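Student: my questions concern the predicted model and sequence given below.
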Amino acid sequence: MPLFPNYHRAPVTFVSAKNATWFDDQNQAYSDLSSGIGVYNVGANNPKVVAALTKQAEKIWHVPNLYLNPLQEQVAEKLGGDSYTAYFANSGAESNEAAIKLARLATGKSTIISFSNSFHGRTYAAMAATGQDSIHAGLPMLAGFEYAVFNDINSVKTLLTDDIAAIMLELVQGEGGVIPAEPEFVKALVKLAHDNNILILIDEVQTGMGRTGTKFAFEHYNFEPDIFTSAKGLANGIPVGAMLAKNVLAPALAYGTHGSTFGGNPLVMASANVTLDVLDNLLPELQTKITILWQKLAEFNHLNVVTDVRGLGMMAGIALTIPVNEVVSDLLNEQIIVLSAGQNTLRLLPPLTIPTEQLLESLDKIKKYLSEK
C-alpha cells in the first residue's frame, strides 16, 4: 500500500485544466463547480498566474525567512492595507494555528470560543478549535477551547469568563454545510467581544479571496476583525496561507515566537501577488454572475429531494434528502465536479471566472439529475 487510506479518491485522474474545465487522462472534459475545494477562485491555470509563476521560477524559488523578501510586503499590503500586519504560512490550518497562538500571546489569556459545526483545520490546535465530534474522534484534544452554538448569541454569553482570549468564527460554515452567519448575530457578537476585551478572530480560509462576492466575507457584515486568516484561493492553487492582525497586536508575535521554513517563499508570493491583482479586477463585475447563480438556484427549492438552498456569493449549499455522496459520484460520471459538506449538503464553489453559459448549463444538468430522484 503506497498511500495511507485517509482519503476516499474517485476513480478518475485529472491531467490538465483551463479555467472551469478539467480534463482527465482519457481527454474527457469536466465542468468544475468545486474550484479544487475553493482554491481556483480565478480559474485553473489562469494565464497571468502562470506567467508570474514561470517568471519567478526562472529566478529563485525559495528564500527562507532569514532574509528580506519584498514580495511578502507587497502581498501583505494588498491583503490588509495599512491597518494589518501579516504572517505567511503554508495552509489554512497553519494560518489558524498562528492566529490562535497570537490571540493567546497578545491577551495573556488561554481560552478560545469557537462554534459547533465549525471547521478550522486538522493540525492539533486548529482541530481542537473545530466544533465537530467526528474530527475529534479517537484523539485527545488540546485544552483551552469552548464551543458555542452557531447563530445563538446567548450560547456565547454562557461561556464568558475572564480567561477568554478570542472568539473564532467562520462567517459561512463551509465544511459544516454552507451555513451563513446571521447579520444580527454577528453584530451582537462583535459588540459582546468589544465590551469584554475579547479578540474577534475570523477564519476566511474558504470564504475569502472573493468567494462571497467581496474580497473577504467580513465586508458583508460591516466590521473589521482583530485577526483574520486566508489560504485556499490566496495563490490560486499554490500552497500558501496568511494570518493578518491589527497592527497593535503585532508586537506579541515577537522574534522567536513562531516561524515557517517555506512560509511566504518567493514562488508562492509571486502567485499570490498576481492573484490579488486579478481578483481586484474581477470583483466589480462579479455581482452580476452571483445574481444569475442565485436566480437559477432558486429553482432548486421546488425539487422533492431538496430541503434548503443557502449560501453567500459564489458559495452555495443544497441540502438533500438523498445521500449526498452518491450525488457527488453520479454527477462526476456526468462530467460535473461538485462537493459534499455537513449533513447531506451538496456544496458548489465554482471558480469566480466560470463563463456564465457554462455555469448555467452545469446547474441545469444538476437540477435535471435531482428532479429525477
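Tutor: Ah, there it is. Residues are numbered from 1 along each chain as shown.
Student: wait, a helix at S329?
Tutor: Yes - the assignment for S329 is a helix, going by DSSP: H, G, I helix; E, B strand; the rest coil.
Student: pretty sure it is touching H8, no?
Tutor: No - S329 is not in contact with H8 according to C-beta atoms under 8 Å; the separation is 9.9 Å. C-beta coordinates here come from the backbone N, C-alpha and C atoms, glycine included.
Student: out of the two, which sits in the busier spot?
Tutor: S329 (15 against 7; other C-beta atoms under 10 Å).
Student: gap between the nearest residue to that one once chain neighbours are set aside and L244?
Tutor: Distances taken as C-beta to C-beta, 6 or more residues apart in numbering place A10 nearest to S329, at 6.9 Å, with adjacent residues excluded. With distances taken as C-beta to C-beta, to the nearest Å, A10 is found 35 Å from L244.
Student: of these two, which one has the most company?
Tutor: Between A10 and L244, counting by other C-beta under 10 Å, L244 is the more crowded of the two (27 against 12).
Student: and S329, how far from D308?
Tutor: From S329 to D308 the distance is 22 Å (C-beta to C-beta).
Student: that should have said A99, apologies.
Tutor: Distance from A99 to D308, by C-beta to C-beta: 31 Å.
Student: cool, and L253?
Tutor: Taken as C-beta to C-beta, the span from L253 to D308 is 41 Å.
Student: how about the helices in the stretch 201-350 of the chain?
Tutor: When assigned using DSSP state H, counting those that start in this stretch, the helices of the stretch 201-350 of the chain occupy the ranges 266-297, 324-333.
Student: who has more neighbours, A99 and D308?
Tutor: A99 (32 against 14).
Student: so which strand or helix has that one?
Tutor: helix 92-107 (DSSP states H and E).
Student: how about that helix: buried residues?
Tutor: Judged by neighbour count (16 or more other C-beta atoms under 10 Å), helix 92-107 contains these buried residues: 92-107.
Student: any idea how this protein splits into domains?
Tutor: Domain segmentation of the chain under automatic domain parsing yields 14-45+283-371, 49-278.
Student: please identify the most buried of the ones you listed.
Tutor: Ranked by mean neighbour count, the domains of the chain are led by domain 49-278 with a mean of 20 (mean count of other C-beta atoms under 10 Å).
Student: state the mean pLDDT of that domain.
Tutor: What domain 49-278 shows for mean pLDDT is 97.
Student: can you give me the strands in the stretch 151-300 of the chain?
Tutor: Using DSSP state E, counting those that start in this stretch, the strands assigned to the stretch 151-300 of the chain run over residues 164-169, 172-173, 179-180, 199-203, 227-230, 241-246.
Student: excluding chain neighbours, what is closest to N344?
Tutor: That would be V324: by C-beta to C-beta, 6+ apart, it lies 4.8 Å from N344.
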